[in-house]
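Novice: sequence first, then the predicted structure, then my questions.
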Amino acid sequence: MNASLGLLQVMKEIRRSRSIMVSGGILVFVAALAVIGPFVSPHSYLTTDFDGRFIGPTLSNFHLFGTDDLGRDLFVRSLLGGRITLLVAIVASIVSLVIGVAYGAVAGYVGGRIDAVMMRAVDALYALPFIFLVILLMVVFERNFLLIFVAIGAINWLDMARIVRGQTISLKQREFIDAAKIIGVPAWRIIFRHITPNLLGVVVVYVTLTIPQAVLVESFLSFLGLGIQEPQTSLGALVNGGVSQMEQAPYLLLIPALLLAAILLCFNFLGDGLRDVLDPRQESA
Amino acid sequence: MLRFTLLRLLWAIPTLLLVIVLAFLMVHAAPGGPFDAERALPPEIEANIARAYHLDEPLPQQFARYLNGILRGDLGPSYRYRDYSVSELIGKAIPVSLKLGVLAMALAVIVGISVGTLAALRQNSVLDRLTMGFAMTGISIPVFVVAPLLVLFFAVQLRWLPASWGGSTSGWRFLLPVVALALPQIAYIARLTRASMIEVLGSDFIRTARAQGLGTITMVRYHAMKPAMLPVLSYMGPAIAAILTGSVVVEEIFGIPGVGQFFIRGALNRDYTLVLGIVIFYAALVILLNLIVDVLYGFLDPRIRHR
């Protein structure tokens, strides 16, 4: 984080950035809709209606996005799917945040040989095709929510660990850390009470960039039928359902696909924008 | 250089071993047996099946047997495709998957680098903004969204191209899968190329080359291209992994009988040995290709080699 910028200035920069305001605004709107929408709509995500199958998007009877092959309302299902997709992504990102910050801060603060070994381990893990191990995990064990959170979170902590380590190494040379050491604060307390809070800016940027990756993994798993299971749904599962109905009812594919694309696009723009404001040294690639 | 290569190779082996151990343990920690059916089998038959697949042996012995098999290219029998070994199934599926992957990779590299270079040469022009907007979209939208949308427009609505693999035998059936697989990578490579090309074009030796009166094409071709390609080259490892992941989806959507389709079918049928075998196969492939990229990088960038 740019140390010369105070909190007020950061807020001002954020308000001036068009990509942050627009993409952030859209995301807040979608999230609010996903949370509130299913309560407001007259339809339930579960109710099937044999006579009302494949109704195209219409205002009548409030089937805004139409109905699917079982006559379920796609509007409610999309919002519910969006809600679960966002929930999984955010919780998974918090998992990766906790692992990454703890790992990176410890490696950076302790330094020396332990740091070298810990970072070589990260290098080695980088080469692993984690996604396939996660698929294996999903095949072998019952597909429950908790496992999905942990598995997705466990993929994405490597970048976070590297960045946090770099920041910790530069922080550890500052005077206030020396002061803490002199008055005898134990190392773990320095790491978690004095170093971690100062990592906030960088961490915020990388969490916003981790969330779309988690969304991707979750919807990928659900698309393959290995993630969220019926009657619950997620955007990936809805896209998968839409693929099989594509010839008869293209809107069943188009609406969830565009919604998912919009969410991913907004998160990427938001992350890029925040990076420009909070962490100007990192170039966008 | 030799030392560098050997060191990399030395790291690749334990990495692969780690994957094998993790994947093997995961499968064997699974609740219930692989042959649990709706109807309970008599205990004698269950014992026979367990013996036939060596499931009655202690875990270390099973692992040793499995590892020994891998060294000889044998990944064990498939639990669901009776009479087939996992290696046979993978071997049958490799050619089409390989063709798909190589074509997609080639398309991504060629188009991505060209577009990125053009955008860098016309920085901040309309063309640049358009391509970068497109690239951001391409990065954000996953293969499993791009592929069905392409099918919807070009096969279902316009009827220009076959929607599925089985519907045609001409080479055109490769077009949509390859494009779907390559698009996100084109976007990523274009962005990377643009960023590093802009940096290289701003450096002193390019100014010198310009001052000597070199034309743009010659300058890019002989001076700027090589250093600008280093970040792209280091992205090749993740790109390969992404193409591999994407091929699973693309093969499923288009119905292409490749390794990815076996993987998904195995996953949904709980064919543990098949999934385990393909995970190990993919892991070995990713690790090997990463190794090649690393070594190539060492060749191209002397700063890495002499560290």
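Specialist: Yep, it's here. Numbers count the residues shown, from 1 in each chain, chains lettered A, B, ... in the order given.
Novice: what bits of the stretch 1-150 of chain A have low per-residue confidence?
Specialist: Judged by pLDDT under 70, the stretch 1-150 of chain A has its weakly predicted residues at A:1-6, A:50, A:52, A:56, A:59, A:61-63, A:71, A:127, A:142-143.
Novice: residues of it that sit close to chain B?
Specialist: Of all the residues in the stretch 1-150 of chain A, those in contact range of chain B (C-beta under 8 Å from any C-beta of the partner chain) are A:120, A:123-124, A:127-129, A:131-133, A:135-142. Where you see a C-beta, it was placed from the backbone N, CA and C, and this is true even at glycine.
Novice: what ranges do the helices span in chain A?
Specialist: Listed in chain order, the helices found in chain A under DSSP state H are A:7-16, A:18-40, A:74-110, A:112-126, A:130-140, A:145-155, A:157-171, A:175-182, A:187-189, A:200-223, A:235-244, A:251-278.
Novice: residues contacting the residue positioned nearest the centre of chain A?
Specialist: By C-alpha atoms, centre = their mean, the mean C-alpha position of chain A lies nearest to A:I211, the distance being 1.9 Å. Contact analysis of A:I211 by C-beta atoms under 8 Å, 6 or more residues apart in numbering or on different chains lists A:A89, A:I90, A:S93, A:F267, A:G271.
Novice: can you get me a residue count around the first one?
Specialist: It refers to A:A89. The burial count assigned to A:A89 is 26, neighbours taken as other C-beta atoms under 10 Å in any protein chain shown.
Novice: ok, now which ones touch it?
Specialist: So, once contact is read as C-beta under 8 Å, 6+ apart, A:A89 ends up touching A:I152, A:I211, A:P212, A:A214, A:V215, A:E218.
Novice: follow-up on the earlier one: what's the closest of the contacts of A:I211 to chain B?
Specialist: Lowest distance from chain B to the contacts of A:I211 (C-beta to the nearest C-beta) belongs to A:F267, with 7.9 Å.
Novice: ok, that closest one touching A:L27?
Specialist: Yes - in this structure, A:F267 sits in contact with A:L27. The criterion is C-beta atoms under 8 Å, and the distance is 6.9 Å.
Novice: does B:I70 touch B:L276 like I think?
Specialist: No - contact status for B:I70 versus B:L276: not in contact, 10.5 Å apart, counting by C-beta under 8 Å.
Novice: so for A:F267 and A:L27, which sits in the more crowded spot?
Specialist: The residue with the greater number of neighbours, taking A:F267 and A:L27 and applying other C-beta under 10 Å, is A:F267; the counts read 25 against 19.
Novice: which residue is the nearest non-sequential neighbour of A:G111?
Specialist: Taking C-beta to C-beta, 6 or more residues apart in numbering or on different chains as the measure, A:G111 lies nearest to A:I169, with 7.3 Å between them; neighbours along the chain are not counted.
Novice: double-check that B:Q123 belongs to a helix.
Specialist: No - membership of B:Q123 in a helix is not supported by DSSP: H, G, I helix; E, B strand; the rest coil, which gives coil.
Novice: tell me the confidence at the nearest residue to it once chain neighbours are set aside?
Specialist: For B:Q123, the nearest residue in space outside its immediate sequence neighbours is B:I198; the separation is 6.1 Å by C-beta to C-beta, 6+ apart. For B:I198, the pLDDT comes out at 89.
Novice: and if you look at B:R307?
Specialist: With respect to pLDDT, B:R307 scores 49.
Novice: residues in the stretch 201-307 of chain B within reach of chain A, list them.
Specialist: Contact residues, the stretch 201-307 of chain B versus chain A (C-beta under 8 Å from any C-beta): B:231, B:237, B:241, B:244-245, B:248-249, B:252-253, B:263-264, B:266-268, B:270, B:272, B:275-276, B:278-279, B:282-283, B:286-287, B:290.
Novice: in ChimeraX, how would I select just the buried ones from those?
Specialist: Of these, the buried ones can be selected in ChimeraX as follows, counting by 16 or more other C-beta atoms under 10 Å in any protein chain shown:
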select /B:231,237,241,244,245,248,249,252,253,263,264,266,267,270,272,275,276,278,279,282,283,286,287,290
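Novice: of the residues of the stretch 201-307 of chain B next to chain A, which belong to helices?
Specialist: Filtering these for membership in helices, criterion DSSP H, returns B:231, B:237, B:241, B:244-245, B:248-249, B:252-253, B:263-264, B:266-268, B:272, B:275-276, B:278-279, B:282-283, B:286-287, B:290.
Novice: lowest confidence element among the helices and strands of chain B?
Specialist: When the helices and strands of chain B are compared on mean pLDDT, DSSP states H and E, helix B:302-305 comes out lowest with a mean of 65.
Novice: returning to what we had before: what about the residue nearest to the centre of chain A, distance to chain B?
Specialist: In this structure, A:I211 and chain B are separated by 12 Å, where distance is defined by C-beta to the nearest C-beta, to the nearest Å.
Novice: mind checking pLDDT for that residue?
Specialist: In the prediction, the pLDDT value recorded for A:I211 is 89.
Novice: A:I26 contacts A:A262, doesn't it?
Specialist: Yes - with contact defined as C-beta under 8 Å, A:I26 reaches A:A262; the gap is 6.9 Å.
Novice: list, one by one, the residues from the stretch 1-150 of chain B near chain A.
Specialist: Proximity of the stretch 1-150 of chain B to chain A (C-beta under 8 Å from any C-beta) is limited to residues B:11-12, B:14-15, B:18-19, B:22-23, B:26-27, B:29-31, B:136-137, B:139-142, B:144-145, B:148-149.
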